[in-house]
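> Predicted structure and sequence below. I'll ask about it afterward.
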Amino acid sequence: QVQLVESGGGLVQAGDSLRLACTASPRALVRYPMGWFRQPPGKEREFVAAINWSGRTTYADSVKGRFTISRDNAKNTVYLQMDSLQPEDTAVYYCAARLTSGTSPYYTSIGEYDYWGQGTQVTVSS
């Protein structure tokens, strides 16, 4: 059974940092293309960051230079390090995994992912 579990969300002030974690099972799942998305209040879910098979990463322009996606295969976990958080980063954050084979270097659309976690709330106060 495929399962993704996010953790690490919370309430912080503008300028603070948070690190989100997404633990995957089965273990091999974390080696597949993984992504982080977020859904701000009253808005659509949007792409944040992705990591591919080889560890290459890509980011949404709104988080580039502030957020970092990484993967620890030994811990079956993908991380999202979020620095210099701003109130506009407030959202429910979701991790996703893609098991379907493909040729794209990155996957940045919701429909390109096969499995999703339940989400973790991040709230940034001004």
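Looks like it came in fine. Residues are numbered from 1 along each chain as shown.

> could you show me where the strands are in this protein, in order?
Ranges of strands in the chain, per DSSP state E, are 3-7, 10-13, 18-25, 34-39, 46-51, 57-59, 67-72, 77-82, 91-97, 115-116, 120-125.

> Nearest to P105, out of the ones you listed?
strand 57-59 (8.0 Å; Cβ to Cβ). For the C-beta atoms, the positions are set from N, CA and C on the backbone; glycine is no exception.

> can you list the strands of the chain in JSON lines and add mean pLDDT?
Listed next are the strands of the chain as JSON lines, based on pLDDT from 0 to 100:
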{"stretch": "strand 3-7", "mean pLDDT": "96"}
{"stretch": "strand 10-13", "mean pLDDT": "98"}
{"stretch": "strand 18-25", "mean pLDDT": "96"}
{"stretch": "strand 34-39", "mean pLDDT": "97"}
{"stretch": "strand 46-51", "mean pLDDT": "98"}
{"stretch": "strand 57-59", "mean pLDDT": "97"}
{"stretch": "strand 67-72", "mean pLDDT": "96"}
{"stretch": "strand 77-82", "mean pLDDT": "97"}
{"stretch": "strand 91-97", "mean pLDDT": "97"}
{"stretch": "strand 115-116", "mean pLDDT": "96"}
{"stretch": "strand 120-125", "mean pLDDT": "98"}
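
> Make sure Q81 is actually in contact with S17.
Yes. With contacts counted by Cβ atoms under 8 Å, Q81 reaches S17, the gap being 7.2 Å.
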